[in-house]
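Enquirer: pasting the sequence and the predicted model now:
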Amino acid sequence: MEFEWDQTKNEHNVDKHRISFQDAILVFNDPGRLELDTTRPEYGEQRSKVIGNLGPFVITVIFTTRGDRKRIISARRARKDERRAYDQGMARP
């Protein structure tokens with residue numbers, strides 16, 4: 001799996017959320033990750049979010065797929081509802 005992102009956006013994300021996109025892509029290695037479609041008409045493209053474990057935290061990464069690459073849009077610590085959905089998904093057999 002290949003990833004790409006805008007470096008300026010990555011720097012803003014680090015300033016705002018303290019998570020670099022380089023670290024955020026590790027969430028795709030979490031076997032219990034939860035992927036959801038988050039597309040809205042105003043986006044003009046299909047977007048998804050992946051919720052997964054990154055060290056001691058559960059994070060949410062927003063991305064779009066362009067060809068065979070995933071383009072990272074943002075990354076932050078998961079909200080309570082996202083954490084709950086992730087935890088419930090992990091409880092499934």
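Expert: Received the coordinates, thanks.
Enquirer: checking the residue most central in space within the chain next. Helix, strand or coil?
Expert: Geometric centre of the chain, nearest residue: residue 61, 1.3 Å, by CA atoms, centre = their mean. Three-state assignment for residue 61 (DSSP: H, G, I helix; E, B strand; the rest coil): strand.
Enquirer: hmm, it is touching residue 38, no?
Expert: No. Distance between residue 61 and residue 38: 10.9 Å, which falls outside the contact criterion (CB atoms under 8 Å). Backbone N, C-alpha and C define where each C-beta goes, glycine included.
Enquirer: burial measure for residue 63, as a count.
Expert: 26 (other CB atoms under 10 Å).
Enquirer: show me what contacts it?
Expert: Contact analysis of residue 63 by CB atoms under 8 Å, 6 or more residues apart in numbering lists 47, 48, 49, 50, 70, 71, 72, 73.
Enquirer: what about the strands in the chain?
Expert: In the chain, the segments counted as strands under DSSP state E are 2-4, 34-37, 48-54, 57-66, 69-77.
Enquirer: circling back: overlap in contacts, residue 61 and residue 38.
Expert: Taking CB under 8 Å, 6+ apart as the criterion, residue 61 and residue 38 both touch residue 49.
Enquirer: picking that back up, looking at the strands of the chain, which has the lowest confidence?
Expert: When the strands of the chain are compared by mean pLDDT, strand 34-37 comes last with a mean of 93.
Enquirer: picking up where we left off before, if the residue nearest to the centre of the chain is in a bridge, with which residues?
Expert: residue 50, residue 75 (DSSP bridges).
Enquirer: do the same with the one 10 residues further on
Expert: Here residue 71 shows beta-bridge partners residue 4, residue 64, assigned using DSSP bridges.
Enquirer: count of neighbours near it?
Expert: Other residues close to residue 71 by other CB under 10 Å number 18.
Enquirer: then residue 49?
Expert: The burial count for residue 49: 18, using other CB under 10 Å.
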